[in-house]
Structures are given as structure tokens and as C-alpha cells.
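> Any chance you can model this:
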Amino acid sequence: MENLEIRQLEPRDLEAFLRYTADWKTDTSPFKIDETSIYNEISRENFLEWQEKIRREEFAVENPDWSTCTKYFAFVDGEIAGVCSCRWQIEKGILLEWGGHIGYGVAPSFRGAHLASQMVTFVLEKYRERGILSVMISADEDNIASRKTIEQCGGVLENIVDIDGDEVCRYWIDLR
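Reported below is the predicted structural model:
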């Protein structure tokens with residue numbers, strides 16, 4: 001995709017972030033972010049505080065079951081199109097069971113342009129740089145677009161697990 005930039009949020013990104021969260025609220029897919037989403041809690045007034053919080057989470061977390069995490073946002077022509085979260089400690093909480101190292105989402109207005117695979121490819125290099133050479137990533141069994149993205153990025157299906165009635169596909173990507 002032309003004019004694609006993947007990076008962490010900066011204070012100057014407030015307006016783009018507010019447009020991004022508004023875009024998510026238009027989502028009608030079965031995988032939409034629900035009303036309890038963190039995005040509904042972020043506003044013009046607390047954006048800088050939240051942006052600083054996600055930067056701190058790269059090094060320390062509030063809960064011992066949580067992994068440190070780096071969030072990378074995909075910008076297309078200055079607009080935020082998606083996010084990719086790198087969870088560095090797979091042994092924490094539910095990550096090894098079904099959450100995975102990587103979480104990602106593409107805003108409704110930007111879907112269909114293979115942006116997710118570009119974001120995942122970008123963050124896989126971040127894992128390689130850290131010496132994490134086996135990366136787990138998951139998707140709901142019926143989220144065909146996400147599963148295709150994972151497979152396109154080298155994901156090999158290990159198994160499908162039942163999580164509270166939802167079938168979750170667990171993939172591994174070997175970076176060696």
C-alpha cells in the first residue's frame with residue numbers, strides 16, 4: 001500500500017486517533033469491537049495520558065498476568081488504518097492458550113487492501129530483532145480474512161481450541 005507508515009502513536013496523532021475510533025464504531029462485522037472497548041474510554045481529554053500509558057506498557061504492566069506490549073499503528077496518508085499489538089511474554093495469562101503474541105485490527109474503512117498482512121509482516125521483524133523466533137498468533141475459526149492473513153504471513157495451524165464456546169485457531173510462525 002502506498003503511503004503506509006507503521007509506527008507508535010505520538011501526541012500529534014490525537015485528531016487521527018479520534019477519527020480512527022469513530023471509524024471502528026461503524027463496524028458491522030461479527031468481529032467488531034464492542035461497547036466495552038478501550039477505544040470508547042479514550043477522548044480528547046485523556047488521549048495523552050493513554051498514549052503515555054501504552055508506551056509504559058512496553059516495559060512494565062499493572063497486572064502480573066499481562067505481558068509487556070508494544071502497539072504499532074498503521075497510517076495511510078496520515079490516517080490511522082489499523083493497530084498491531086506485540087505481546088512479548090507469551091507465558092503470561094491466556095496468551096499461550098489462545099491469545100498469542102500478536103493481536104491486530106484494521107478499521108472498517110481500510111479493509112480489503114491487505115493492510116493486516118503488511119502490519120503482521122512489519123511486527124514479525126520486531127520479534128526477530130528480539131530473538132523471539134517462534135511466534136503464536138490466533139484467529140476465530142470463522143474469521144476467514146484473519147486466518148488468510150496469518151497463513152499468508154507463514155502461519156501454520158497447530159490446533160483449534162474451544163474458548164467459552166468460541167473456536168479459536170492457534171497458528172505458529174517460525175522466523176528461523
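> Show the contacting residues for Pro64.
Lys92 (Cβ atoms under 8 Å, 6 or more residues apart in numbering). Using the backbone N, CA and C atoms, a C-beta is placed for each residue, glycine as well.
> my read is it is in a strand, agree?
No - Pro64 is assigned coil when assessed by DSSP: H, G, I helix; E, B strand; the rest coil, not a strand.
> most centrally placed residue in this structure?
Taking Cα atoms, centre = their mean as the criterion, Tyr104 is the residue nearest the geometric centre of the chain, at 2.4 Å.
> and it, backbone torsions?
Note on Tyr104: backbone dihedrals following degrees, to the nearest 10 are phi -150, psi 160.
> show me the contacts for it.
Tyr104 neighbours (Cβ under 8 Å, 6+ apart): Gly82, Val83, Cys84, Ser85, Ala116, Met119, Val120.
> The last one is in contact with Ala139, isn't it?
It refers to Val120. No - judged on Cβ atoms under 8 Å, Val120 makes no contact with Ala139 at a distance of 11.1 Å.
> hey, what's in contact with both of these two?
With Cβ under 8 Å, 6+ apart, Val120 and Ala139 have common neighbours Thr149, Ile150.
> For the nearest residue to Leu96 once chain neighbours are set aside, give me the pLDDT.
Excluding its sequence neighbours, the residue lying closest to Leu96 (Cβ to Cβ, 6 or more residues apart in numbering) is Ile90, at 5.1 Å. Looking at Ile90, its pLDDT reads 94.
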